[in-house]
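Engineer: sequence and predicted structure, then a few things I'm wondering about:
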Number of protein chains: 2
Amino acid sequence: MADYRKMWEELGMDVESHDNLCEVLPQAIGDTFLAQENRPEKMDYFDFVISEVHGVRPAELKKFREEGGKVFGTFCAYVPDEIIFAANGIATGLCAGSQFWVPAGEAVLPANTCPLIKASLGARFSRTCPFFRLADMYIGETTCDGKKKAYEILAEDVPMHIMDLPQMKRPVDVKKWADEVRILKDVVEKVTGNPVTKENLAENIRKINRKRAALQRLYDLRKNPNVPISGTDVLLISQIAYYDDPERFTMKVNELCDELEQRAAQGVNVAKGKKRIMFTGTPMAVPNWKMHSLVENCGAVVVCEETCTGTRYFENQVDESGTTMDEMIDHIAERYMKINCACFTPNTGRIDDILRLAKEYNVDGVIDVHLKFCQTYDTESYFVERKLKEEGIPVLEIETDYTETDAQQLKTRVEAFIEMMD
Amino acid sequence: MADYRKMWEELGMDVESHDNLCEVLPQAIGDTFLAQENRPEKMDYFDFVISEVHGVRPAELKKFREEGGKVFGTFCAYVPDEIIFAANGIATGLCAGSQFWVPAGEAVLPANTCPLIKASLGARFSRTCPFFRLADMYIGETTCDGKKKAYEILAEDVPMHIMDLPQMKRPVDVKKWADEVRILKDVVEKVTGNPVTKENLAENIRKINRKRAALQRLYDLRKNPNVPISGTDVLLISQIAYYDDPERFTMKVNELCDELEQRAAQGVNVAKGKKRIMFTGTPMAVPNWKMHSLVENCGAVVVCEETCTGTRYFENQVDESGTTMDEMIDHIAERYMKINCACFTPNTGRIDDILRLAKEYNVDGVIDVHLKFCQTYDTESYFVERKLKEEGIPVLEIETDYTETDAQQLKTRVEAFIEMMD
């Protein structure tokens, strides 16, 4: 990584502690990504972005703020980026996928909290992540008990705005969510000092839709019997989607897809003879590459993720036909309420999604993986696994965290699962 | 217990397994309640109700149903009984406080779920609780991840209606809750076939308010320097409040209070020289008497519970001034939204309550006790304990479940806590 120490110091970071985090990154990137054979050339952009993860994008955000811009940190696929960008703000993901941050999170949270939430608070309080320093305001939501309560502790250290996500999916709930989007619009306008105009909002709806379309194009290419890209590489792209500049990201994903189309036509296949696996479950925040790396090193290939760092992030477009502010906000609410997060009761749409995706991606088996202490996904596993079994699709449930303590046990289980599919 | 085997068989219960549960009850009641010295005479009603817990009230409910009445099972202090009784239905609590039911719950739920939720599902699926058999419909709510997801599994076996409880407490959220109360009214009218009239609703608002007033009167008596009743006895009354006939219960509590006033005037004190303890945290569903029994056997006295089986159940009245249906429902929603459950974000009102109650009941120390894997109360402990420490009030945090495995360790910790207050 280039020398960003001055920037990190200016951001009030604990630079010495941060050095320990940076030290392990090149090795992890090398082992996880660069060591793969026959990679698409256009992965070079994403390799660069991750190798400079705490430098290049933070430097852009810092410059943006120095010019008067406001940055909004988000934790969830449910927060509508359209609104933030329409007020000339920048939205950036704040989910934290490293065990490095967990101990500082456990200093304020129960140990029985999912590692993603512990790492998020740890990243803030340990002052070792520039994104957590650069956000002028965090946007939280009431998706789960762990997050909604953790936000109260965060709010002692940083301005927080919370969106009350309904816990059901009746038409009345979509209306309630539209009202929350309206409240968010007011908040974002106040913080940025910029009005959200109809023109700006329409433009940003199209912009974020194009980003979703690019990700859908990438995922569609994985449906090919010749799989032109590894799941590990796609996971990295999905993670970068949360914090990169949307337009540049869209362009880079489309450039990659151009190459992947050529590869597919040429019969390039990173997965020859390998079993096709779909992940379903909790998000895998950067740099949590544990399960993809494990599965693909066991000789299978990941072809789809029904997760928030997967299809839940980009499936469904915002209807672009709205002409009034109210229509556009209603369309935004409708699109986001189609995300089938396990926070809803009931959440039968997710089961439908899983069965549909298993067919679309022609998978040999599903790994239902959730982070420890994620009650919603853990409980919903009851239905996920029963339904997959009824449909004759092999399924393996895994509960894990960010540590390496279960690595050997997981390897044994995944190997046995892959063998079983023969 | 009298012979109710015929009734249990007619209710489709697993009577043999149920026998095992019934076998241990007399001993538990004897040890926990009857062995106490100098008890109020008017506890005899509550002793009778608990000794016949699966008989006398279930028989009433069964008769009520045979006459065409409908029974609604509830899990939460947030479900407005007023609406159910106004439709000539009966509301009855379904929370389950025994380890007996946990294994059957764990057959369908993650082990990392709170014992109250596991026991609730276990009680249903093991067919060993008549209340779970007698309810025509269960009314759930989205108070926590564990419950809202568990309800989906219950819904495969029994009709469920879910109320979407907002997760915040802005004026807009009180309105949303009023809309949920309106939806509940429609559902209850449909199931019972009885309209909720203005007259019926007004009458039942007054009826449930009188019940709250009786419980407030009981609690006020505990503020006396001469404590006329043990905390263990009051806990039993609070538990029975959830399922007994409201009018009879109110009368019996008031009769007890008459006696307690006399005892107070005569200087009767069940707590001479004992430290005064307040519990705060998660509900203690019947027959979970573990912590009260432990603390009072360690030589302290429990004078208040800031729990759902305590002040959260009865504090605040529904405004009786409403004359239209809309006004009455708005007043019901306003009252229930004053319950400071840890499911809300933020939930500063609960901290205010705890400090207020600690003064009102002149407590020497607070035990912040929550059931294992209850993320909301566990996370909120961060604020509860910090604030109590700032105020110089001794506080002990305890996480426990329904097993006896931690009994010795808890005893040691509670003894040390009580000694420390000297």
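Structural biologist: Cool, got the structure. Residues are numbered from 1 along each chain as shown, chains lettered A, B, ... in the order given.

Engineer: and the residue of the stretch 151-300 of chain A nearest chain B?
Structural biologist: Across the stretch 151-300 of chain A, the shortest distance to chain B (C-beta to the nearest C-beta) belongs to A:Gln167, at 3.8 Å. No exception for glycine: its C-beta is placed from N, CA and C like everyone else's.

Engineer: need the contact list for that residue.
Structural biologist: A:Thr142, A:Cys343, A:Phe344, A:Thr345, B:Thr142, B:Lys148, B:Asp164, B:Leu165, B:Gln167 (C-beta atoms under 8 Å, 6 or more residues apart in numbering or on different chains).

Engineer: mind running it again at 7 Å?
Structural biologist: A:Gln167 is in contact with A:Cys343, A:Phe344, A:Thr345, B:Thr142, B:Lys148, B:Asp164, counting by C-beta atoms under 7 Å, 6 or more residues apart in numbering or on different chains.

Engineer: roughly how far apart are the nearest residue to the fifth one once chain neighbours are set aside and B:Thr412?
Structural biologist: I take that to be B:Lys148. Spatial nearest neighbour of B:Lys148, excluding adjacent residues (C-beta to C-beta, 6 or more residues apart in numbering or on different chains): A:Thr345 at 4.1 Å. Distance, A:Thr345 to B:Thr412, by C-beta to C-beta, to the nearest Å: 40 Å.

Engineer: residues in contact with the residue nearest to B:Lys148?
Structural biologist: Counting by C-beta under 7 Å, 6+ apart, A:Thr345 has contacts A:Gln167, A:Met168, B:Thr142, B:Lys148, B:Lys149, B:Tyr151, B:Glu152, B:Ile162.

Engineer: in three-state terms, label it for me.
Structural biologist: coil (DSSP: H, G, I helix; E, B strand; the rest coil).

Engineer: and A:Glu203, what element?
Structural biologist: helix A:198-222 (DSSP states H and E).

Engineer: list the contacts of that helix.
Structural biologist: By C-beta under 7 Å, 6+ apart, helix A:198-222 touches A:81-82, A:85-86, A:228-229, A:234, A:237, A:241, A:246-247, A:249-250, A:253-254, A:256-257, A:260-261, A:264, A:303-304, A:311, A:314, A:317-318, A:320, A:325, A:328, A:361.

Engineer: how about stretch A:25-41?
Structural biologist: A:47, A:50-51, A:228-230, A:232-233, A:236, A:256, A:259-260, A:263, A:268, A:270, A:287, A:289, A:293.

Engineer: can you pull the pLDDT of the residue nearest to A:Val414 when sequence neighbours are not counted?
Structural biologist: Leaving aside its chain neighbours, A:Val414 sits nearest to A:Cys298 (5.0 Å; criterion: C-beta to C-beta, 6+ apart). For A:Cys298, the pLDDT comes out at 96.

Engineer: so how many other residues sit close to A:Cys298?
Structural biologist: By other C-beta atoms under 10 Å in any protein chain shown, 20 other residues sit near A:Cys298.

Engineer: with A:Val395 instead?
Structural biologist: Applying other C-beta under 10 Å, I find that A:Val395 has 21 neighbouring residues.

Engineer: thought it was touching A:Glu385?
Structural biologist: Yes. A:Val395 is within contact range of A:Glu385, at 5.2 Å (criterion: C-beta atoms under 7 Å).

Engineer: now the helices: where do they sit in the stretch 251-400 of chain A?
Structural biologist: Applying DSSP state H, counting those that start in this stretch to the stretch 251-400 of chain A gives helices spanning A:290-297, A:311-314, A:325-336, A:348-360, A:375-390.

Engineer: for chain B, which of those helices is the nearest?
Structural biologist: Nearest of the helices of the stretch 251-400 of chain A (C-beta to the nearest C-beta): helix A:375-390, 3.7 Å.

Engineer: so the closest one versus helix B:375-390, what angle?
Structural biologist: Compare the direction of helix A:375-390 with that of helix B:375-390 by axes from the mean of the first three to the mean of the last three C-alpha atoms, to 10 degrees and you get 170 degrees.

Engineer: and helix A:375-390, what does it pack onto?
Structural biologist: helix A:348-360, strand A:365-371, strand A:395-400, helix B:145-154 (3 or more C-beta pairs under 7 Å, 6 or more residues apart in numbering or on different chains; DSSP states H and E).

Engineer: follow-up on the earlier one: nearest spatial neighbour of the residue of the stretch 151-300 of chain A closest to chain B, skipping sequence neighbours?
Structural biologist: B:Thr142 (3.8 Å).

Engineer: quick one: contacts for that neighbour?
Structural biologist: Counting by C-beta under 7 Å, 6+ apart, B:Thr142 has contacts A:Gln167, A:Thr345, B:Lys148, B:Ile162, B:Asp164, B:Leu165.

Engineer: if we can go back for a sec, now the contacts of helix A:198-222: which count as buried?
Structural biologist: Buried members of the contacts of helix A:198-222, scored by 16 or more other C-beta atoms under 10 Å in any protein chain shown, are A:81-82, A:85-86, A:228-229, A:234, A:237, A:241, A:246, A:249-250, A:253-254, A:256-257, A:260, A:264, A:303-304, A:311, A:314, A:317-318, A:328, A:361.

Engineer: sorry, back to before: state the distance from the residue nearest to B:Lys148 to A:Pro130.
Structural biologist: The value you get for A:Thr345 to A:Pro130, if C-beta to C-beta is used, is 37 Å.

Engineer: show me what contacts the closest residue to A:Arg65 other than its chain neighbours?
Structural biologist: Leaving aside its sequence neighbours, A:Arg65 sits nearest to A:Val71 (C-beta to C-beta, 6+ apart; 6.2 Å). Neighbouring residues of A:Val71 by C-beta under 7 Å, 6+ apart: A:Leu61, A:Phe64, A:Arg65, A:Gly89, A:Ile90, A:Thr92, A:Leu134, A:Ala135, A:Asp136.

Engineer: beta partners of A:Val71?
Structural biologist: Beta bridges link A:Val71 to A:Ile90 when assigned by DSSP bridges.

Engineer: still on that earlier bit, tabulate the helices of the stretch 251-400 of chain A in a markdown table, adding columns for distance to B:Pro115.
Structural biologist: Below are these laid out as a markdown table (distance: least, C-beta to C-beta, whole Å):
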| stretch | distance to B:Pro115 |
| --- | --- |
| helix A:290-297 | 30 |
| helix A:311-314 | 32 |
| helix A:325-336 | 35 |
| helix A:348-360 | 27 |
| helix A:375-390 | 14 |
